[in-house]
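In: Turn this into a structure:
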Amino acid sequence: MNVSLIIVLVVLGLVLIYGASIYNRLVALKNRYQNAFAQIEVQLKRRYDLIPNLVETAKGYMAHERETLQAVTEARNTALAGLKHAAAQPGEPGAMAELAGAEGALGAALGRFNMVMEAYPDLKASENMRQLSETLTSTENRVAFARQAFNDAVMQYNTYKQSFPPILLAGPLGHREDAALLEFEDSAEIQAAPKVSF
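Out: Next up is the predicted model:
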């Protein structure tokens, strides 16, 4: 009787230890993708902080392009609101979709801004505008790297959560929903240089 009770207790202990290891791994993977999103947030905020400077620099040269400048400012504000919502719930599908949509609109507005800027050679030659453009491009690259790290972390979390046996314990342990990837149009597609042929 004592031997069978010891065996049952040992088996229960092993099951609890294994369940705890699954829970700890889920928490670690969730923390990893939330931290990765925090890195995206830092870079996007940096980008959003550069945009008003870009618009202010352009205002002096592009007095007749008020609509374009206003569209960039409005798109930036919408993207900032989307980022705040997503930062409160990293990985939540609705928040990620909202941020992706806002980023797409901002990218399109910046693309139009760049096209209009082509008509103002003095603006393009401005040292301040060149520096801002270079910083913005550098920030775009950082956003892309941070987004890739976030998406990789989300994939690891989702893959582990959906595998067997973690799938049996994930829901009861509070990990019900899959985390959503952050996918938005690449800046290269939005701001693609026109093709020139001779």
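
In: Just give the nearest non-adjacent residue to M129, would you?
Out: Closest residue to M129 apart from its sequence neighbours, by C-beta to C-beta, 6 or more residues apart in numbering: T57 at 5.2 Å. In short, each C-beta sits where N, CA and C put it, glycine included.

In: Thought S126 was touching the one you found, still the case?
Out: Yes: assessed by C-beta atoms under 8 Å, T57 is found in contact with S126 at 6.7 Å.

In: elements contacting the lengthiest helix in the chain?
Out: Determined from DSSP state H, the single longest helix within the chain is helix 2-59. Here helix 2-59 touches helix 66-88, helix 93-117, helix 127-162, helix 166-170, going by 3 or more C-beta pairs under 8 Å, 6 or more residues apart in numbering; DSSP states H and E.

In: Could you dump the ones you listed into JSON lines with mean neighbour count, distance to A179 and mean pLDDT added?
Out: Listed next are the helices and strands packed on helix 2-59 as JSON lines, based on neighbours: other C-beta atoms under 10 Å; distance: least, C-beta to C-beta, whole Å; pLDDT from 0 to 100:
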{"stretch": "helix 66-88", "mean neighbour count": "17", "distance to A179": "12", "mean pLDDT": "92"}
{"stretch": "helix 93-117", "mean neighbour count": "19", "distance to A179": "8", "mean pLDDT": "91"}
{"stretch": "helix 127-162", "mean neighbour count": "16", "distance to A179": "4", "mean pLDDT": "91"}
{"stretch": "helix 166-170", "mean neighbour count": "16", "distance to A179": "12", "mean pLDDT": "90"}
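
In: how distant is the longest helix of the chain from the center of its chain?
Out: 15 Å (C-alpha atoms, centre = their mean, to the nearest Å).

In: CA atoms only: put stretch 101-117 into PDB for me.
Out: Extracted in PDB, the C-alpha atoms of stretch 101-117 (Å, rounded to 0.1, in the frame of the first residue of the first chain):
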ATOM      1  CA  GLY A 101      -3.100  50.100 -40.600                       C
ATOM      2  CA  ALA A 102      -1.900  53.400 -39.000                       C
ATOM      3  CA  GLU A 103       1.700  52.600 -40.100                       C
ATOM      4  CA  GLY A 104       0.500  51.900 -43.600                       C
ATOM      5  CA  ALA A 105      -1.300  55.300 -43.800                       C
ATOM      6  CA  LEU A 106       1.800  57.100 -42.400                       C
ATOM      7  CA  GLY A 107       4.000  55.400 -44.900                       C
ATOM      8  CA  ALA A 108       1.700  56.400 -47.700                       C
ATOM      9  CA  ALA A 109       1.600  60.000 -46.400                       C
ATOM     10  CA  LEU A 110       5.400  60.100 -46.200                       C
ATOM     11  CA  GLY A 111       5.600  58.700 -49.700                       C
ATOM     12  CA  ARG A 112       3.400  61.500 -51.000                       C
ATOM     13  CA  PHE A 113       5.500  64.000 -49.000                       C
ATOM     14  CA  ASN A 114       8.700  62.600 -50.700                       C
ATOM     15  CA  MET A 115       7.200  62.800 -54.100                       C
ATOM     16  CA  VAL A 116       6.100  66.500 -53.500                       C
ATOM     17  CA  MET A 117       9.600  67.200 -52.100                       C
END
